[in-house]
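**Q** Next comes the sequence, and after it the predicted model I'd like to discuss.
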Amino acid sequence: MRSVSVAAVKAHLSAVLAEVEAGEEIIITRRGLAVARIVPERPSSTDSKGWMNDMWAFVEAQPMHEGDSVAEMRALARY
């Protein structure tokens, strides 16, 4: 990760963006203090259901506890 002043970013924006596209994170500083960070965009899935696969993977990785299923919660609500 590299730090670049606001003035340098303004003068060399295309070069800074090329570094970010290559995977580099850039911290922008003003008077020596960090004010912003430019990070590469995460690649989006070309698969239209990619987000759904990610969601299922997340859900499946979560621990299950007694009473966590929707059916069990509905049964408890019928009193």
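**A** Arrived safely, thanks for sending. Numbering: from 1, shown residues only.
**Q** Quick one: residues contacting A36.
**A** Counting by Cβ atoms under 8 Å, 6 or more residues apart in numbering, A36 makes contact with 27-28. C-beta coordinates here come from the backbone N, C-alpha and C atoms, glycine included.
**Q** and with 6 Å instead?
**A** A36 makes contact with I28, according to Cβ atoms under 6 Å, 6 or more residues apart in numbering.
**Q** That one and R30: what is the separation?
**A** Between A36 and R30 the computed distance is 9 Å (Cβ to Cβ, to the nearest Å).
**Q** A7 now?
**A** Distance from A7 to R30, by Cβ to Cβ: 9 Å.
**Q** Then A22?
**A** From A22 across to R30, the span is 24 Å (Cβ to Cβ).
**Q** quick one: which of these two has more around it?
**A** Taking other Cβ atoms under 10 Å, A22 and R30 do not tie; R30 has more neighbours (11 against 8).
**Q** Quick check, the more buried one in contact with V6.
**A** Yes: counting by Cβ atoms under 6 Å, R30 does reach V6; the two are 5.1 Å apart.
**Q** Just the CA atoms of the lowest-mean-pLDDT helix or strand in the chain, as PDB, please.
**A** One helix or strand of the chain scores below all others by mean pLDDT, DSSP states H and E: helix 70-77, with a mean of 74. Extracted as PDB, the C-alpha positions of helix 70-77 are listed here (Å, rounded to 0.1, in the frame of the first residue of the first chain):
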ATOM      1  CA  VAL A  70     -38.700 -21.000  10.100                       C
ATOM      2  CA  ALA A  71     -41.000 -23.900  10.700                       C
ATOM      3  CA  GLU A  72     -40.000 -24.100  14.400                       C
ATOM      4  CA  MET A  73     -40.400 -20.300  14.800                       C
ATOM      5  CA  ARG A  74     -43.900 -20.600  13.200                       C
ATOM      6  CA  ALA A  75     -44.800 -23.400  15.500                       C
ATOM      7  CA  LEU A  76     -43.800 -21.400  18.500                       C
ATOM      8  CA  ALA A  77     -45.900 -18.400  17.300                       C
END
